[in-house]
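> Mind looking at a prediction? Sequence and model below.
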Amino acid sequence: MAKIALAQFNSVLNDVYANRNKMVSMINEAAANDANIIVFPELFSTGYNLDLIEDRIFDMAEGDDGPVVAAARAEARAKGIWVIIPIAYRDGGRIYNSAVIINDHGDIVNVYHKNNLWDKEQKYFGYGCHDYRVFDSPFGKFGVIICYDVDFPETSRTLALAGAEIIFVPAAWATTHRNLWDIFLPSRALENTVFVAGINRTGTEGDVTYFGDSKVFDPTGELIARAGENTEEILYCELDVSALSLIHI
């Protein structure tokens, strides 16, 4: 049985340290509630609206020794919990819209770079190299894609064929495309007979509003857990991955 925690986060724009401190608090809360893993939304440590952030994103990007990554690793190790932190990640001379996957020993097991960049992301971030990996954890096999990646069936299919039982989708999904959030998550779960967990942020940056509504779908596409709208909270859900072998569609 996997107990997942989805951190529906309201980022402070351009304030890495405020977001880091809030992240630490949420990791502690999730661990106290016996979660196996906590997942944060897309670019939670900087905020998302690149029209407002502009070139400051290069200064706030960080590598393995950055303030957010270092704090997440320390908390994961101390609390024995897996942590996924989607951040602006510096790799050599480029930055990426990435998800850093940290195990319960505080080790970085992978950094996934978003493959399908949305709108202004293409101006600032490098493209990923289609490295869709599945991670074998004590609570199940899981993969990670980021926001716009979920629009493309091939991303989830690749993870499912590689053995994923859970697909995490951290996102910064705005109200202007709300209908697609409601379509893609259950579709990817049903198509691949896997659990799909969408982790959306909340709050407003300029004229862009992120509505929250983080949610989890079972392998038949049925909604099994849902966070509130426009609220900052942690959504918990228990997943029985052993039941996947009994599902036939």
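Received it, and whenever you're ready, just let me know what you need. A quick note: this is a predicted structure, and the numbers were derived from the prediction, not measured.

> most centrally placed residue in the chain?
Ranked by distance to the mean C-alpha position of the chain (CA atoms, centre = their mean), the top residue is P170 at 2.6 Å.

> can you confirm that residue is in a strand?
Yes - counting by DSSP: H, G, I helix; E, B strand; the rest coil, P170 is found in a strand.

> Quick check: it touching P86?
Yes - using CB atoms under 8 Å, P170 is in contact with P86, at 4.4 Å. C-beta coordinates here come from the backbone N, C-alpha and C atoms, glycine included.

> Give me the common contacts of these two.
Shared contacts of P170 and P86 (CB atoms under 8 Å, 6 or more residues apart in numbering): 40-42, 44, 99, 146.

> just to revisit the earlier point, I'd like the distance between the residue nearest to the centre of the chain and G203.
Distance, P170 to G203, by CB to CB, to the nearest Å: 15 Å.

> And E222, by the same measure?
Distance, E222 to G203, by CB to CB: 29 Å.

> more crowded one of those two?
Taking neighbours as other CB atoms under 10 Å, E222 and G203 compare with G203 leading, 21 against 11.

> chain center to whichever strand or helix holds that one: distance?
G203 belongs to strand 202-205 when assigned by DSSP states H and E. Averaging C-alpha positions (CA atoms, centre = their mean, to the nearest Å) puts strand 202-205 17 Å from its chain's average.

> next SSE after that strand?
Strand 202-205 is succeeded, C-terminally, by strand 208-211 (DSSP H and E).

> Thank you, goodbye.
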